[in-house]
Every structure is written in structure tokens, then in C-alpha cells.
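Asks: pasted the sequence and its predicted model underneath.
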Amino acid sequence: MLTTRRANVTVVGAGIAGLTLATRLKQDNQNATVVLIGPEDRRPQRISTWLDGKQAVPAVVESCIDKQWDAWVFRDSAGTPHTQRASTWHYNAIDGRRLKTQLEEGVELLGVHRVHEQCHGVNRTAVGYQILCDSETIFSDHLVDTRPPTIPSTTIKQQFVGHTIRCANPHQYSAPLLMDFSASSIANDGLTFIYCLPVSDHELLVEATTFSPSLHAHADYEACINQWLTTNLPTNTYKHIETESGILPMGPTKPIDATLVRCGIAGGAARASTGYAWHGTHRQISKLTTAFSRTGGLSSVQAYSDRARLMDILFLRVLRHQPEAAHNLFIAMAQHLPGDTLAQFLCDEGGWGPCLHTIIAAPKWPFIHALWRT
Ligand SMILES: Cc1cc2nc3c(=O)[nH]c(=O)nc-3n(C[C@H](O)[C@H](O)[C@H](O)COP(=O)(O)OP(=O)(O)OC[C@H]3O[C@@H](n4cnc5c(N)ncnc54)[C@H](O)[C@@H]3O)c2cc1C
């Protein structure tokens, strides 16, 4: 039987953005009726990001951090490693699937009304929204959409396939290998690198990644990973545990409905120069929650500063026209920036300081050319 329900706020999509937003809205506005719509998201997902050691992390996130590092490595195309160290901005491996399970338990306890179904459509009414699901129709004053957008063919994408493997003997990696450009190439029109996360002494997440406008076959990523493992773990035997994969936008996307307030990947939270979405998503959630608590209303919020967006536009032009220069930029950042500065720059934190440091460290000509290109 079809039920009709009234709500103050409805969040569509129950990935990390939707679950976290519904949690924060209900925690901060206990009298508000909050509805969260979307199937439970059980995909394996390793989320890694830098977190400022001086800032408190929500308990639910803290409990899902498997490992933390204060150093990480870039390896150039000739195979030379460049290690970066940080004193406060640590790199964290968060178990995304565990985080989503715990957030699901949390929203239930908080009294968020959970509809475990797809939403079929959203109509505007005189006073809000009508949201259509199989078993319920919700009339809501406000709505935030986190359903994934379409990525146009012209937008550069971060495409990746990652294998989690368990080694018979301890492996040699003590720090994350953020970009290993010595990997065999997949994308002729962009960058290819291996990302390797030593989750424990015996466990590695090895991810083949491309930054490129075109999409590539899953098998190409598998071959790249296998070749990297043969070269880099020649004597260890290992067992494949699970596979994760994704395609993240590095630039403009086409939302399902551009007139709706959006959050997470749907709201442009994937940083255009990296595909990392954690900081942009959490910045949007804080702004939306604060606005709702103060005014009882919700309107679209930017995930990144104008400064970061301008830097990303230039970087993407370099990546599109001179992928080799983009490789040199990452290596220059690894060689010349302190780890804390790189982390702040990539997370769009710390104001102009990290940005100016990065401009000084970067090779200049590709960016000067990029000013005149589209
Ligand atoms: C495998 C993987 C690894 C990643 N690793 C990192 C990382 O290391 N660091 C980082 O910063 N970022 C990472 N990202 C990017 C980003 O942080 C994640 O994608 C994050 O999960 C995005 O959350 P989201 O809620 O915005 O979007 P999504 O996770 O895409 O959630 C959208 C939700 O909407 C739901 N939905 C779709 N259609 C409907 C509908 N009609 N009705 C209701 N619900 C619907 C989907 O089921 C989904 O659960 C990764 C992404 C992937 C896929």
C-alpha cells in the first residue's frame, strides 16, 4: 500500500554524503522530520584522505580509520621515489563500507525516517517537493539530492580499479605510494599511475588509475595492476581479497536536476584536480547543516573556494594538452613542498599560503600557456 508522509527535509541517496548529511541535520535539529531515501550502499570502498591532526574527527569516522601515516611517496616515471613528510596533516585510510554501515545504524537510532528504495521522481509543489518512491510518497519542505550525476564525454575522468591483496609474507611498503608513474600506461591521452596503500603489514590496496577524457576497459587496469605486482612484489605470493572500482569527475558534470540543492559528488564535491571528494563533501555538509539550523532553509553551497577552482581549471588545461607536464607538476610538488602544505593545498584548506607555495614549486610554462588555452 502506498503511504504518504510529510517531512521537513528529505535527502535523496544514501552514500557517504547522504548518510552524513541526514545524521548532521537530525543531530542539530532534533525536532525536524528528516527522511533519507536510497538503497543501502554496501560497495567495498577504501576512502583515503588527509586529516588535520589538530582538528577533532567525529567518533564514527575515527572508528573507521584503519591506518594513519605522516609520510607518503611519489615515484616518477623513471622509478625514482620522492618521499614527503608531514607533521600535522596525516594521511588516513578509512574503511568506507564500515563507515556506511555505522552511519546506517546511527540514522536509525537518531530517528531519521529511512526509505530503502530508489526515488523515481521529484516534483515541485507550491510549498516544497513531492518525492516518489515505490511504497511511499513524501511531501517535503526541503530536499537535498546526492544521486550521482552524469559525467559528459568531454570531462576528464579519474577512472580506477583497485585490488586488495593479502601477502603470504610481510611486504616492503611502510608508506602509501600516492602516484607511481613508472606503471605501464593505460591512457594515451592522459596520465596513468599506480596508487598503493599498505593497509597492514600483509595487506595492500593496489589501484591502477587514469586521469583522461576517455574511458578504458576494466581488463586494461587489471593488466596494469598485475604487471606492477610482478615487478614490485617478485618473491611474495599473495591472494586477491576484493576489487573496488570507480569513475570520478574531474570537471563539469550533468546533475539529474540542476535546480535541486545538491551535495557530495552530485554537488561538485570531487576536487577537479584530484577526484578526492572527502573534504568538499564535508565542507558542504557543514554549510548546509549550519544554514538549516539558523534559517530553517537550504540553498546550494560550493564545495571549494574560488581560488581552488581557478587553480583546478588551469591544471585541467595542462592535463588535457600536456599530460607530461602534469606528471612533472606532481613530482615538483613532491620534491619541493612540505607534506603539510601539499595536503592543505589539495584539501583547499589554509587559505592563500599553501596555494602560493604550490605556485612557486610548480613548473611555470605549462601554466602560463594554460592561461590562453581552453
Ligand atoms: C571505490 C571508490 C573509492 C574512492 N576513494 C576515495 C578516496 O580515497 N578519497 C576521496 O576523497 N574520495 C574517494 N572516492 C570519491 C568519493 O569520496 C566517494 O565516491 C563517496 O562515496 C561519494 O559519496 P556520495 O554520497 O557523494 O556519492 P555516492 O557514493 O555515489 O552515493 C550516491 C548514492 O545515491 C544512490 N542513488 C542513485 N540513484 C538513486 C535514486 N534514484 N534514488 C535514491 N538513491 C539513489 C546510490 O545508490 C548511492 O548510494 C572514492 C569513490 C569510489 C567509488
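Replies: Received the coordinates, thanks. Residues are numbered from 1 along each chain as shown.
Asks: going forward, measure contacts between C-alpha atoms and count neighbours the same way
Replies: Noted.
Asks: where does the closest residue in space to Ser140 that isn't next to it in sequence land in three-state SS?
Replies: Spatially, and ignoring its direct neighbours in sequence, Ser140 is nearest to Ala7 (4.6 Å; C-alpha to C-alpha, 6 or more residues apart in numbering). Look at Ala7: counting by DSSP: H, G, I helix; E, B strand; the rest coil, its state is strand.
Asks: can you get me a residue count around Ala7?
Replies: 18 (other C-alpha atoms under 10 Å).
Asks: any idea how far the ligand is from it?
Replies: 16 Å (C-alpha to the nearest ligand atom, to the nearest Å).
Asks: ok, that residue touching Lys26?
Replies: No. With contacts counted by C-alpha atoms under 8 Å, Ala7 stays clear of Lys26, the gap being 11.9 Å.
Asks: ok so, going back, next up, the contacts around the residue nearest to Ser140.
Replies: Applying C-alpha atoms under 8 Å, 6 or more residues apart in numbering to Ala7 gives the contacts 32-35, 138-141.
Asks: turn those into JSON lines, including distance to Pro81 and secondary structure.
Replies: JSON lines is the format used below for those (distance: C-alpha to C-alpha, whole Å; DSSP: H, G, I helix; E, B strand; the rest coil):
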{"residue": "Ala32", "distance to Pro81": "52", "secondary structure": "coil"}
{"residue": "Thr33", "distance to Pro81": "52", "secondary structure": "coil"}
{"residue": "Val34", "distance to Pro81": "49", "secondary structure": "strand"}
{"residue": "Val35", "distance to Pro81": "48", "secondary structure": "strand"}
{"residue": "Ile138", "distance to Pro81": "54", "secondary structure": "strand"}
{"residue": "Phe139", "distance to Pro81": "56", "secondary structure": "strand"}
{"residue": "Ser140", "distance to Pro81": "53", "secondary structure": "strand"}
{"residue": "Asp141", "distance to Pro81": "54", "secondary structure": "strand"}
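Asks: if you rank these by neighbours, which is first?
Replies: Val34 (26 neighbours).
Asks: wait, that one sits on Leu25?
Replies: Yes. With contact defined as C-alpha under 8 Å, Val34 reaches Leu25; the gap is 7.4 Å.
Asks: what does the stretch 251-374 of the chain put close to the ligand?
Replies: Residues of the stretch 251-374 of the chain found near the ligand (C-alpha under 6 Å from any ligand atom) are 264-265, 276-278.
Asks: for those residues, work out which two are farthest apart.
Replies: Gly264 and Tyr276 (10.9 Å; C-alpha to C-alpha).
Asks: name the residues contacting each of the two.
Replies: By C-alpha under 8 Å, 6+ apart, the residues touching both Gly264 and Tyr276 are Ala270.
Asks: looking at those two, which is more packed in?
Replies: Comparing Gly264 with Tyr276 by other C-alpha under 10 Å, the one with more neighbours is Gly264, at 28 against 22.
Asks: now the more buried one: how far from Arg6?
Replies: Per C-alpha to C-alpha, to the nearest Å, Gly264 is found 25 Å from Arg6.
Asks: same deal with His240?
Replies: Distance of His240 to Arg6, computed by C-alpha to C-alpha: 47 Å.
Asks: check Val161 too.
Replies: Per C-alpha to C-alpha, Val161 is found 41 Å from Arg6.
Asks: mind checking which of those two has more residues around it?
Replies: Neighbours per residue, other C-alpha under 10 Å: of Val161 and Arg6, the larger number sits with Val161, 22 against 15.
Asks: hang on, the more buried one in a strand?
Replies: Yes. Counting by three-state DSSP, Val161 falls inside a strand.
Asks: I figured it hits Ala223, correct?
Replies: No. Counting by C-alpha under 8 Å, Val161 stays clear of Ala223, with 10.5 Å between them.
Asks: re earlier: local confidence estimate at the residue nearest to Ser140?
Replies: Residue-level confidence at Ala7 comes out at 98, pLDDT.
Asks: output the set of residues of the stretch 1-150 of the chain in proximity to the ligand.
Replies: So far as C-alpha under 6 Å from any ligand atom goes, the stretch 1-150 of the chain lies against the ligand at 12-18, 37-39, 41, 45-49, 118-120, 146-148.
Asks: return the subset of the residues of the stretch 251-374 of the chain next to the ligand lying in helices.
Replies: Counting by DSSP state H, these place Trp278 in helices.
Asks: I'd like the residues of the stretch 251-374 of the chain next to the ligand written out as CSV, with pLDDT added.
Replies: Converted to CSV, these look like this (pLDDT from 0 to 100):
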residue, pLDDT
Gly264, 98
Ile265, 97
Tyr276, 94
Ala277, 97
Trp278, 97
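Asks: got the domain boundaries for this protein?
Replies: The chain breaks down by automatic domain parsing into domains covering 3-45+95-148+253-295, 156-250, 306-370.
Asks: need those domains in CSV (columns: distance to Thr80).
Replies: Listed next are the domains of the chain as CSV, based on distance: least, C-alpha to C-alpha, whole Å:
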stretch, distance to Thr80
domain 3-45+95-148+253-295, 22
domain 156-250, 9
domain 306-370, 10
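Asks: below-threshold pLDDT in the stretch 1-150 of the chain: ranges please.
Replies: 1 (pLDDT under 70).
Asks: ok, the helix or strand that contains Gly246 near the ligand or not?
Replies: Secondary structure from DSSP states H and E places Gly246 in strand 238-250. Yes. Against the ligand, strand 238-250 shows contacts by C-alpha under 6 Å from any ligand atom at 244-246.
Asks: do stretch 192-208 as well
Replies: No. Stretch 192-208 lies apart from the ligand when judged by C-alpha under 6 Å from any ligand atom; the minimum separation is 9.8 Å.
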